[in-house]
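> here's my sequence, what's the structure:
(one chain, ligands or ions: 1)
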Amino acid sequence: MRKERFVIDYQDKVISIRGLYKAFDDFEVLKGVDLDLYRGENLVVLGKSGTGKSVLIKIISGLLRPDAGSVNVLGKDVDKINRKELNALRLKVGFSFQNSALYDSMTVQENLEFPLKRHDPSLTQKQVNSFINIVLEAVGLGQTADQMPSELSGGQRKRIGIARTLILKPDIMLYDEPTAGLDPITSQEINNLINAVQQRFNTSSIIITHDLTCARETGDRLVMLLDGQFQRQGTFDEVFSTDDERVQAFYNYNFID
Ligand SMILES: Nc1ncnc2c1ncn2[C@@H]1O[C@H](COP(=O)(O)OP(=O)(O)OP(=O)(O)O)[C@@H](O)[C@H]1O
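Predicted coordinates:
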């Protein structure tokens, strides 16, 4: 089932990257990357292991510095702003980590309270509870506030991880391998959730994935990183309608229907 196309503002870029280079010692990972993310868009980034997808989103979120090129996020050049501005920007860019990164010793409620109270200590407990209810309900886990992460399934932990990212009301969501390690049915639920978040919270998202079903179902547009640059971009069908053996190998390996 492919997603309903969502209204995207192609006049409004929330991320604009030009000529991005990044090397580690003499190993060049990104070799002149150009990328735009439009407001309201779900953009899927594909690429083999080790091609630099995580490096790219770490640069976008200011965790790594580029060697060259410009990286503009919500109107700010991430490598030119000071630490205070970077911290403010990071609050608007929600990073949903691959392993969900929940605190095992805290309940779901405490896991969600923690970033919220740190961000805004002036919130009353009533306001905190209200935000938590909204995001838990949005990820379909309204009854889990008192549970420990260890009592939840892998798919539920992913959902709570997404709720914890959403609670700070980011403009941009970065999903790193959102369906990794999940069975096909749970993966499908996460794909649906990514689309529901896009619609309900009006977020713009970058979704890094090897899972072509996830790519097809969540992506309004896809880009594929090959040899340090985005060499394919378009809809799912456009990206894969090529004789390029590297692209075909990626497709065949996934065995999608
Ligand atoms: N801090 C670092 N120091 C040195 N090398 C690094 C660092 N971060 C990433 N690399 C290297 O950069 C390359 C790209 O890594 P990256 O994690 O972005 O790959 P990826 O495309 O996200 O792969 P995967 O799909 O396996 O997560 C790898 O060869 C990695 O070893």
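> now Glu41. Nearest residue, chain neighbours left out?
Ile8 (4.6 Å; C-beta to C-beta, 6 or more residues apart in numbering). All C-beta atoms are positioned from the backbone trio N, CA, C, and that covers glycine.
> ok, the one you found - contacts?
Contacts for Ile8 were tallied using C-beta atoms under 8 Å, 6 or more residues apart in numbering; they are 38-41, 220.
> if we use 10 Å, what do you get?
Residues in contact with Ile8 (C-beta atoms under 10 Å, 6 or more residues apart in numbering) are 37-43, 198, 204, 220-221.
> give me the phi and psi for it.
phi -120, psi 140 (degrees, to the nearest 10).
> in this structure, which spans are strands?
Using DSSP state E, the strands of the chain run over 9-24, 27-39, 42-46, 68-73, 76-77, 93-96, 172-176, 204-208, 221-226, 229-234.
> what does this structure put close to the ligand?
By the rule C-beta under 6 Å from any ligand atom, the part of the chain lying against the ligand is 24, 29, 47, 49-55.
> can you turn the buried part of these into a ChimeraX selection?
Here is the ChimeraX command that selects the buried residues among the residues of the chain next to the ligand (16 or more other C-beta atoms under 10 Å):
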select :29,47,51,52,53,54,55
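> returning to that earlier point: may I see the strands of the chain organised as TSV, with mean pLDDT added?
Output for these, formatted as TSV (pLDDT from 0 to 100):
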stretch	mean pLDDT
strand 9-24	94
strand 27-39	96
strand 42-46	96
strand 68-73	97
strand 76-77	95
strand 93-96	86
strand 172-176	94
strand 204-208	96
strand 221-226	94
strand 229-234	91
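> please produce JSON lines containing those strands, extended by distance to Leu102.
Shown next, in JSON lines, are the strands of the chain (distance: least, C-beta to C-beta, whole Å):
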{"stretch": "strand 9-24", "distance to Leu102": "27"}
{"stretch": "strand 27-39", "distance to Leu102": "27"}
{"stretch": "strand 42-46", "distance to Leu102": "24"}
{"stretch": "strand 68-73", "distance to Leu102": "26"}
{"stretch": "strand 76-77", "distance to Leu102": "29"}
{"stretch": "strand 93-96", "distance to Leu102": "12"}
{"stretch": "strand 172-176", "distance to Leu102": "15"}
{"stretch": "strand 204-208", "distance to Leu102": "20"}
{"stretch": "strand 221-226", "distance to Leu102": "29"}
{"stretch": "strand 229-234", "distance to Leu102": "32"}
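> Arg246: which of those is closest?
Each of these was checked against Arg246 via C-beta to C-beta, and the shortest separation belongs to strand 221-226, namely 5.7 Å.
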